[in-house]
Every structure is written in C-alpha cells, then in structure tokens.
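> Kindly return the folded structure for what I paste below:
(one chain, ligands or ions: 1)
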Amino acid sequence: MDTEERVVSFIRSLNREEDALIRQLEQEARTEDVPIVRTETRELLKVLTLLHKPKRLLEVGTAIGYSAIYMSRYLPEDGIIVTIEKYEPRIAKAKKNFALAGVENRITLLEGDAADILKGLQEPFDMIFMDAAKGQYIHFLPEVLRLLVPGGMLVSDNVLQDGDVLESHYAVPRRNRTIHSRMREYLYTLKHHEELETAILPVGDGVALSIRL
Ligand code: SAM
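Purely as a prediction, here's the structure:
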C-alpha cells in the first residue's frame, strides 16, 4: 500500500458508521456500477454544506440521489436542493430513493440534459455542486456562474481524473485527450477567472472549491 492509500484508508477508518439508508444506497451504487462521490468527498460536502448554509443548492449530476440525499441532511431548515439528471434509469432510481429518504419536499429532480436545463433556470443558487460528465464542466460554466450568487460556492468534483490531468497530453490515451484538455482548461479558467477565487484540493478524485466574488 503506498502512502496515499494508507492516508485514505486511515481517514476512512475514522468515519462513523452511516445509517441503513445510506449503506443501502452505497450497495445499490456498487451493484449497479453507478459512480457516486467518494467517502472523503462526501465528508467534505457535509462540512461545506454546514459551513455555507445554502438555502438553494444546485447539483448537476444526480445519479441515484446519493449525494443529494446526503447533503439534504445538512442544509438549513428551509434549504432546498435542485438536482439534474439525464439518464432515464438513474432518474427512476433517484426518485425511488428520494421517496425512501422522505426528502421529496426538499429535493427537486429536473430530468434532462443539463446543457438545456441550466439555460432555463432563473432563480439563483447559493451553492452549486458540479458532478456530471467531466468533459462538459467547461461548457456548463457560463450558466453556472450566471446562476451562482455573489459569495456563492461552486464545488466541482473529479477534477484530477484519477491523476490523468497531471499527465502531458501525449501520455494520455488518445480517447481521453479531449476530456483531458477540457479539464485542464476548466481548472485554468477557475483559477484565473476574475469573478472567482478557487482552491484545488486533492480530496477523493480532486475537488475544486470556488467562491464567486
Ligand atoms: N452526484 C452523484 C452522487 O455522488 O451521488 C453522482 C453523479 S455521477 C458522478 C454523474 C451523473 O451525471 C451520471 O448519473 C450521469 O448520467 C449524469 N450526467 C452526465 N452528463 C449529464 C448532463 N449533461 N446532464 C444531466 N446529467 C448528466
């Protein structure tokens, strides 16, 4: 086990055991090969949600509803989540899971491609969790910034792409090169955008934390 794995495994060993519903969703994700946030990222989201106290939180990429259900537990009392998913089988599962968790009144699932749905949203959000197809983050950014209040927090997951983003363009397999250059462009934009301050954290698969000035 290398040092990084030992660190992650030590940090995980300190987590409290989650309740039956969360464990059931993790099992569902494993069995059906659905990507959900890593445990360290989930814990970071929990603390960020408590710290930032968003009344309106937007998630791009619901999957089966795991992170939305988790974050909903740490929202302020009157906080709500709007989450977007385009893949029909996951939409059905997310709906079932929101009902199981009893959070249908706090989480609204918007069905369809975020590229279209984001354009139609008007009311701004205090926090946005970007967790959809990595190659699309850079295309979603203008709408995401339009929807983020000044002082709002943008959390982008999977920005280190299992370390691929560090590699030179030519060291990355040809099929991954577009996504690699788009993620590099996204991170560069987050770090150099005049309306944003961003910290990139090597947590989970890499998380970029940005505050809109
Ligand atoms: N946030 C979820 C969690 O941690 O429980 C995991 C989300 S998963 C990493 C990404 C999801 O985004 C997938 O279910 C995928 O179908 C969805 N997705 C990808 N591109 C999308 C798009 N353009 N519009 C809407 N959903 C999209």
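
> do the longest strand along the chain and the ligand meet at all?
In the chain, assigned by DSSP state E, the strand with the most residues is strand 148-157. No - against the ligand, strand 148-157 shows no contacts by CB under 6 Å from any ligand atom, the least distance being 7.1 Å. Every residue, glycine included, has its C-beta placed from N, CA and C.

> now the residue nearest the centre of the chain: how far from the ligand?
Centroid-nearest residue in the chain, with CA atoms, centre = their mean: residue 131, separated by 3.4 Å. Separation of residue 131 from the ligand (CB to the nearest ligand atom, to the nearest Å) stands at 4 Å.

> can you count the residues close to the closest residue to that residue other than its chain neighbours?
Distances taken as CB to CB, 6 or more residues apart in numbering place residue 61 nearest to residue 131, at 4.0 Å, with adjacent residues excluded. Counted by other CB atoms under 10 Å, the residues lying close to residue 61 total 25.

> Surely residue 61 and residue 84 touch.
Yes - between residue 61 and residue 84 there is a contact at 7.1 Å, judged by CB atoms under 8 Å.

> can you list residues touching both of the two?
114, 132 (CB atoms under 8 Å, 6 or more residues apart in numbering).

> coming back round to it: give me the residues contacting the longest strand of the chain.
Against strand 148-157 from outside (CB under 8 Å, 6+ apart): 37, 41, 45, 48, 52, 54, 124-131, 137, 144-145, 186, 190, 196, 204-213.

> Distance from the chain centre to the helix or strand that it is followed by, please.
Elements were assigned by DSSP states H and E; along the chain past strand 148-157, the next helix or strand is helix 177-192. In terms of CA atoms, centre = their mean, to the nearest Å, the centre of helix 177-192 is set 17 Å apart from its chain centre.

> The worst-scoring helix or strand of the chain on mean pLDDT: which residues count as buried?
Within the chain, confidence by mean pLDDT, DSSP states H and E is lowest for helix 3-13 among all helices and strands, at a mean of 93. Of all the residues in helix 3-13, those buried under the rule 16 or more other CB atoms under 10 Å are residue 8.

> Would you tell me which residues of this structure are close to the ligand?
Residues of the chain lying close to the ligand (CB under 6 Å from any ligand atom) are 35-37, 61, 63, 66-67, 84-87, 90, 113-115, 131-133, 136.
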